[in-house]
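Enquirer: Give the three-dimensional model of this entry:
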Amino acid sequence: MPASTSPRRPEAVAAKLKEYSERYPTTTRLVQLGTTHEGRGIFALAIADGIADPDPRPAVLLNGAHHGGELLSIDVVLDAIEVLLSRSDARAERFVQDLVIWCVPEVNPDGVDAILDDSKRSDRKNARDNNEDGRVDEADGVDLNRNYPFRWGALGEKGSSSRPKSVYYRGPAAASEPETQAMMGLARRERFCASISYHTGTVAILAPYTIPEVKNPEPNEAWQVGEWLAKKMPRHPQDREFVLKKNLYPVDGTDQDWLRHELGTLALIVESARGGIRGADERAAIVRVVRNTWLHLFDRFLDGPSLSGRVLNDAGEPVKAEVRLNEQTLREGEVWTSRPRDGHFARFLPGPGSYTVSAHLEGFAPVEQTVEVGQEWLEVELTIPGAPTSTDEEA
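Expert: This is a model prediction of the structure:
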């Protein structure tokens, strides 16, 4: 197929998302999250039955094409949209009733467009004009999955690069890029309980934290869920098994580490395929298999063990408070708060058992509740008497 007519072109993907939003007006919400260096929109489609703005349900995220050349990742996210809206998998009905699924097929539309135009630019980077000479060439661009703020540049030249010409250039500052800012803004508004960022290059599932010396929470439910997911996955069409890894190589500035550290999101990276895909049939077979990653992950949250709820004041108004599980030790200074607009929080649990969930707000006594959680999704409510209500601006 000529690149000019590719369904992965940013304008074609944007048109497809608009078409979905018009065809399913009560089930979708189309949002432009931001604008790239070259003026392209960064679009998200939110999916839920009877979707509201804002919506009170737990939110999850699927995204593709942080790296412009990883075109299969776009197909995986578009496939998820089609399955959810067409209900072609029986589980989709429950997902769109109980969750809000945010889909961003192209985080890096400038990079996608450059690759489809057979540009000499890196297939990883965006369109930042690093040397400000008025044109974007092979020396330009930022690797967006090295640009997120958590431990940005912490590994020096081992985890990313300070050299603008490098394919792993992390940018002039943490979160310097409009694409990074767009994804961070969405995540802060929605407080995703789960996220999958799709990539290509090998067949694997990566669980946070990816930086070698960063200490994971204990127990580390993200790793436990990742192990469970890897075991559930069918064999990959490229004759590989999905395996769970901490990283493929030392890396810093990734979206999954930032989502995990700042918001408590169970954020995974799924490496969807090796190179050398042999034609449309193999591509379609890979997409069908990779589909199982989000199907199983959403099942795991809704089947439990998992916990969600709201933090309110005694007037029933939402409160942005730190929400802790007393049985889990956070070891990197993480402060995971409820969603400002409605006080909502949601967590995967490592297993069935007794858990004490507590809400903390400076100047007020902590409030806690102990619950017994089996193989279920349990909802709780915590009330902090006299607490001030929060606003969306606090996100």
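Enquirer: most centrally placed residue in the chain?
Expert: By CA atoms, centre = their mean, the chain has its centre lying nearest to Ser195, at 3.4 Å.
Enquirer: outside of the helix or strand that that residue is a member of, which residues touch it?
Expert: Here Ser195, judged by DSSP states H and E, is contained in strand 194-199. Identification of contacts with strand 194-199 by CB atoms under 8 Å, 6 or more residues apart in numbering yields 60-64, 66-67, 70, 72-73, 76-77, 145, 187, 255-256, 259, 265-272, 290, 293-294, 297-298, 301, 348. Backbone N, C-alpha and C define where each C-beta goes, glycine included.
Enquirer: mind running it again at 6 Å?
Expert: Under the contact criterion CB atoms under 6 Å, 6 or more residues apart in numbering, strand 194-199 has outside partners 60-64, 70, 73, 76, 255, 259, 265-272, 293-294, 297.
Enquirer: List the contacts of Gly171.
Expert: Val142, Asn147, Glu177.
Enquirer: Could you do Ile384 as well?
Expert: Residues counted as contacts of Ile384 (CB under 6 Å, 6+ apart) are Asn313, Val319, Ala359, Leu361, Phe364, Val367.
Enquirer: now with 10 Å?
Expert: Ile384 makes contacts with 311-314, 319, 321, 343, 359-361, 364-367, as judged by CB atoms under 10 Å, 6 or more residues apart in numbering.
Enquirer: Now flag whichever of these is closest to Thr200.
Expert: Nearest to Thr200 among the contacts of Ile384: Gly343, at 38.3 Å, using CB to CB.
Enquirer: Look up the pLDDT of the closest one for me, please.
Expert: You'll see Gly343 listed with a pLDDT of 98.
Enquirer: Leaving out the residues flanking it, which one is nearest to it?
Expert: Among residues not flanking Gly343 along the chain, Pro318 sits closest, at 3.5 Å (CB to CB, 6 or more residues apart in numbering).
Enquirer: I'd guessed the one you found sits against Ala359; true?
Expert: No - counting by CB atoms under 10 Å, Pro318 sits too far from Ala359 to count as a contact (11.7 Å).
Enquirer: which stretches of the stretch 151-300 of the chain form helices?
Expert: 178-190, 221-232, 255-263, 279-303 (DSSP state H, counting those that start in this stretch).
Enquirer: Out of these, which is the most enclosed?
Expert: Among the helices of the stretch 151-300 of the chain, helix 255-263 has the highest mean neighbour count (mean count of other CB atoms under 10 Å), at a mean of 24.
Enquirer: Against which helices or strands is that one packed?
Expert: Under the contact definition 3 or more CB pairs under 10 Å, 6 or more residues apart in numbering; DSSP states H and E, helix 255-263 sits against strand 59-63, helix 178-190, strand 194-199, strand 266-272.
Enquirer: Can you list the strands that the third one pairs with?
Expert: Partner strands and pairing direction for strand 194-199 (DSSP bridges) are strand 59-63 (parallel), strand 266-272 (parallel).
Enquirer: Dump those strands to TSV, plus distance to Ser306 and mean pLDDT.
Expert: TSV is the format used below for these (distance: least, CB to CB, whole Å; pLDDT from 0 to 100):
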stretch	distance to Ser306	mean pLDDT
strand 59-63	12	98
strand 266-272	10	98
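Enquirer: In TSV: those, plus mean neighbour count and distance to Ile211.
Expert: Listed next are these as TSV, based on neighbours: other CB atoms under 10 Å; distance: least, CB to CB, whole Å:
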stretch	mean neighbour count	distance to Ile211
strand 59-63	26	21
strand 266-272	26	13
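Enquirer: who wins for proximity to Glu379 among these?
Expert: strand 59-63 (15.2 Å).
Enquirer: Could you export that closest one as CSV, CA atoms only?
Expert: The C-alpha trace of strand 59-63 is given here as CSV (Å, rounded to 0.1, in the frame of the first residue of the first chain):
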residue,chain,number,x,y,z
ALA,A,59,-10.2,4.6,33.8
VAL,A,60,-7.6,2.6,31.8
LEU,A,61,-5.3,3.6,29.0
LEU,A,62,-4.1,1.9,25.8
ASN,A,63,-1.6,3.8,23.6
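Enquirer: after it, next one along is what?
Expert: helix 71-86.
Enquirer: helices or strands up against the very next helix or strand once past that next one?
Expert: The helix or strand immediately downstream of helix 71-86 is helix 92-98, counting by DSSP H and E. Under the contact criterion of 3+ CB pairs under 10 Å, 6+ apart, helix 92-98 touches strand 41-47, helix 71-86, helix 279-303.
Enquirer: gap between Arg151 and Ala222?
Expert: Using CB to CB, to the nearest Å, Arg151 is found at 17 Å from Ala222.
Enquirer: swap that for Phe298, please
Expert: Computed with CB to CB, the distance linking Phe298 and Ala222 is 15 Å.
Enquirer: Same question for Asn147.
Expert: Distance from Asn147 to Ala222, by CB to CB: 22 Å.
Enquirer: the domain parsing of this structure - what is it?
Expert: 3-303, 306-394 (automatic domain parsing).
Enquirer: Tell me which of those domains sits most buried.
Expert: Highest mean neighbour count among these (mean count of other CB under 10 Å): domain 3-303, a mean of 20.
Enquirer: How far does it sit from its chain's centre?
Expert: On the basis of CA atoms, centre = their mean, to the nearest Å, domain 3-303 sits 6 Å off its chain's mean C-alpha point.
Enquirer: Begin at 43, not 1, for the rest of this chat.
Expert: Sure, I'll start numbering at 43, so the last one becomes domain 45-345.
Enquirer: where in the stretch 193-342 of the chain is pLDDT low?
Expert: Filtered on pLDDT under 70, the stretch 193-342 of the chain yields no residues whatsoever.
Enquirer: Noted, bye for now.
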